[in-house]
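**Q** coordinates only, sequence not included:
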């Protein structure tokens, strides 16, 4: 092991196999006390956090940040692979082998004699091959394969998309609006009789309908909610600053007064957008 460490330290440039060796050293008997006791479960959330940081780098349009965060995700892949290598189940090369085979099989229009002249045909072929290779015998099987750990809006939109392939879908946006209105009415009716359990169920149905409307509009529900969150945060901060300028504290004001500040900020924001245009 000392020889391996010396070899690693002598290098000026590393590749993915060097990364695998470093992880192996870290998990060895004389390695890092933290690294060598980790399991798939103990670092599960770390993987998720690293992926989100990659998304943030993409949103920031920062190449340098993206390179770093992709490295952190790659470390997670190598780390999980090393855990399985130690068990003798599979290694990093086998992971690469399987994904290479999958890409070749799912791109018969590139690596085979299938013709696909547009994106729609490519996606239809991909879905058909995926269903065949995964042994999915029904439309329900394709819905059940959507990971339960997806963010709920993302999962709802994916479920709606796959259900639409079986013909179960809204005919158009007007039907989406009717569904939204119906769910709101059912929430009101449940609350009117004090049935909070039913209201909670109908509220879930409303969120599901919103996700499907986003899909029909070719929009991403998760992204839309994220933008709404950011807008709320921006306006909240602006309102707090307005309140402070008047020598007041938000918590001391009644809701009507806070609403007036909120409307004032919305007007200022709209005027600012008009000036920029």
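**A** That came through fine. From a predicted model like this one, the values you see are computed outputs, not experimental measurements.
**Q** excluding its backbone neighbours, what's nearest residue 147?
**A** residue 155 (7.4 Å; C-beta to C-beta, 6 or more residues apart in numbering). Any C-beta I mention is one placed from the backbone N, CA and C, and that applies to glycine too.
**Q** which residues touch the one you found?
**A** Contacts of residue 155 were listed using C-beta atoms under 8 Å, 6 or more residues apart in numbering, and they are 146-148.
**Q** would you mind identifying the next helix or strand past the host helix or strand of it?
**A** Applying DSSP states H and E as the criterion places residue 155 in helix 152-164. Once helix 152-164 ends, the next helix or strand along the chain (criterion: DSSP H and E) is helix 173-192.
**Q** how far off centre is that following helix?
**A** 27 Å (C-alpha atoms, centre = their mean, to the nearest Å).
**Q** the helix or strand hosting residue 47: how far from the chain's middle?
**A** Taking DSSP H and E as the definition, one finds residue 47 inside helix 44-59. Distance of helix 44-59 from the chain centroid (C-alpha atoms, centre = their mean) equals 9 Å.
**Q** break this protein down into its domains, please.
**A** Using automatic domain parsing, the domain ranges for the chain come out as 2-94, 147-219, 223-276.
**Q** weakest of those by average pLDDT?
**A** Sorting those by mean pLDDT places domain 223-276 lowest, at a mean of 90.
**Q** how about the helices of this protein, start to end?
**A** Taking DSSP state H, the helices of the chain run over residues 2-10, 16-26, 44-59, 63-87, 92-105, 108-111, 119-133, 139-144, 152-164, 173-192, 196-216, 221-245, 255-276.
**Q** quick revisit: which of the contacts of residue 155 has the most neighbours?
**A** Using other C-beta atoms under 10 Å as the neighbour criterion, residue 146 leads the contacts of residue 155 with 15 neighbours.
**Q** just to check, that residue is in contact with residue 159?
**A** Yes: Residue 146 is within contact range of residue 159, at 5.7 Å (criterion: C-beta atoms under 8 Å).
**Q** if we can go back for a sec, ranking the domains of the chain by burial, who's on top?
**A** Of the domains of the chain, the one with the most neighbours on average (mean count of other C-beta atoms under 10 Å) is domain 147-219, at a mean of 15.
**Q** ends of that one, how far apart?
**A** End-to-end distance for domain 147-219: 20 Å, by C-alpha to C-alpha, to the nearest Å.
**Q** tell me the contacts of residue 37?
**A** For residue 37, no contacting residues are found, by C-beta under 8 Å, 6+ apart.
**Q** give me the contact list for stretch 262-275.
**A** By C-beta under 8 Å, 6+ apart, stretch 262-275 touches 235, 238-239, 242.
**Q** could those residues go into JSON lines alongside distance to residue 139?
**A** Formatted as JSON lines, these follow (distance: C-beta to C-beta, whole Å):
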{"residue": "235", "distance to residue 139": "42"}
{"residue": "238", "distance to residue 139": "47"}
{"residue": "239", "distance to residue 139": "48"}
{"residue": "242", "distance to residue 139": "53"}
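**Q** closest one of those residues to residue 223?
**A** Nearest to residue 223 out of the contacts of stretch 262-275 is residue 235 (C-beta to C-beta; 18.7 Å).
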